[in-house]
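*Asks:* Structural data only, the sequence is not supplied:
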């Protein structure tokens, strides 16, 4: 399987675009980004849809032009989830991601994968037994972040953090489509088989983590959702359970939320992982099935 790790990179959660919106354009300079932005509207309601990369290096300029204009016009910011304080988040993760009895994580891995796993732990600067009481999904997410953090990618530079800070400064309310408990529950609810596949695929892809992350950020910065769909989502077809749990079911729920929200007036800025706004099962595609058209904003 070619990585669910990419899902961890972009959505922890995790992590589809209309053919007419597939064109990419060169950025004026290496630090300028023009990520894709859509809008859904009727007579008295406007909802912007913005795809994010959850971790970025510093210095990339994306919160300007059409994105900033749309945000400034909006009455409310809606994210995948509102980040709890660190102590609360740690409690949620510990409750769902740590086990104190039973076989260790290393023992749960297929024998032919243990060597690569232990090598990955060593290269990440971690003791071999550091994750042994973790559930496989938590080990996968934690391990997948190690190489990209070394390269300078940080959630503090990610759009969610920037947008939440801007909303706070502008006294805009911030809401979540999901809670932290729900997002962690998606991972925790995966079958043991899917969790082990998640971890082993992460280990297999770690040597290419920097290269893959740079490619996805470039596609995002150039506003190319179809390329993002190929890189982030097509690989999930190898694991229907993971694709359904982390991607398609969530997209359908979010589209239903948007449809219901269209019944009330106002202007909303929604920011979710870019993989959710690309491909044949994207939020926009789910909306189209309900008779609602999302239009790409050119800028």
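*Replies:* Everything's here; your move. Predicted, not measured: the structure shown is a model, and the values here were computed from it.
*Asks:* Please enumerate the strands of the stretch 51-200 of the chain.
*Replies:* 76-81, 174-178 (DSSP state E, counting those that start in this stretch).
*Asks:* tell me the angle of the shortest one relative to strand 76-81?
*Replies:* Per axes from the mean of the first three to the mean of the last three Cα atoms, to 10 degrees, the angle that strand 174-178 makes with strand 76-81 is 40 degrees.
*Asks:* how about strand 174-178: buried residues?
*Replies:* Neighbour counts using 16 or more other Cβ atoms under 10 Å place 174, 176-178 of strand 174-178 among the buried residues. For the C-beta atoms, the positions are set from N, CA and C on the backbone; glycine is no exception.
*Asks:* go on, stretch 183-195?
*Replies:* Neighbour-count burial for stretch 183-195 [16+ other Cβ under 10 Å]: 183-184, 186-188, 190, 194-195.
*Asks:* ok so, going back, just give me the closest of the buried residues of strand 174-178 to residue 84.
*Replies:* Distance to residue 84 across the buried residues of strand 174-178 (Cβ to Cβ) is lowest for residue 176, with 10.0 Å.
*Asks:* Model confidence for the closest one, exactly?
*Replies:* Here the pLDDT value assigned to residue 176 is 98.
*Asks:* okay but it is in contact with residue 80, surely?
*Replies:* Yes: taking Cβ atoms under 8 Å as the definition, residue 176 is a contact partner of residue 80 at 6.6 Å.
*Asks:* I'd like the next helix or strand past the helix or strand bottoming out on mean pLDDT in the chain.
*Replies:* When each helix and strand of the chain is scored by mean pLDDT, DSSP states H and E, helix 5-10 comes last, with a mean of 37. Downstream of helix 5-10, the next assigned helix or strand under DSSP states H and E is strand 37-41.
*Asks:* So which elements touch that next one?
*Replies:* strand 45-52, helix 65-73, strand 295-296 (3 or more Cβ pairs under 8 Å, 6 or more residues apart in numbering; DSSP states H and E).
*Asks:* contacting residues for residue 199?
*Replies:* When contacts are counted by Cβ atoms under 8 Å, 6 or more residues apart in numbering, residue 199 is found next to 105, 109, 117, 136-137, 139-140, 143.
*Asks:* hmm, 6 Å instead?
*Replies:* 136, 139-140 (Cβ atoms under 6 Å, 6 or more residues apart in numbering).
*Asks:* and if you look at residue 293?
*Replies:* Counted by Cβ under 6 Å, 6+ apart, residue 293 has zero contacts.
*Asks:* How about residue 180?
*Replies:* With contacts defined as Cβ under 6 Å, 6+ apart, the neighbours of residue 180 are 81, 84, 92.
*Asks:* Likewise for residue 163?
*Replies:* Residue 163 sits in contact with 77, 271, where contact means Cβ under 6 Å, 6+ apart.
*Asks:* Would you mind measuring from it to residue 79?
*Replies:* 7 Å (Cβ to Cβ, to the nearest Å).
*Asks:* out of the contacts of residue 180, which are buried?
*Replies:* Of the contacts of residue 180, these count as buried by 16+ other Cβ under 10 Å: 81, 92.
*Asks:* Kindly reformat the contacts of residue 180 as CSV containing distance to residue 252.
*Replies:* Converted to CSV, these look like this (distance: Cβ to Cβ, whole Å):
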residue, distance to residue 252
81, 17
84, 25
92, 24
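*Asks:* And for residue 86, the neighbour number?
*Replies:* For residue 86, the count of nearby residues is 8 (other Cβ atoms under 10 Å).
*Asks:* got it, and residue 219?
*Replies:* A count of neighbours around residue 219, defined by other Cβ under 10 Å, yields 24.
*Asks:* Can we start the residue count at 873 from this point?
*Replies:* Fine by me, first position is 873 from now on; the one you just mentioned is residue 1091.
*Asks:* my guess is it contacts residue 1101, does it?
*Replies:* No: using Cβ atoms under 6 Å, residue 1091 is not in contact with residue 1101; the gap is 9.4 Å.
*Asks:* Next, the contact list for the closest residue to residue 1068 other than its chain neighbours, please.
*Replies:* Distance criterion Cβ to Cβ, 6 or more residues apart in numbering; nearest residue to residue 1068, sequence neighbours excluded, is residue 1008 at 5.2 Å. By Cβ under 6 Å, 6+ apart, the contact list for residue 1008 reads 1067-1068, 1071.
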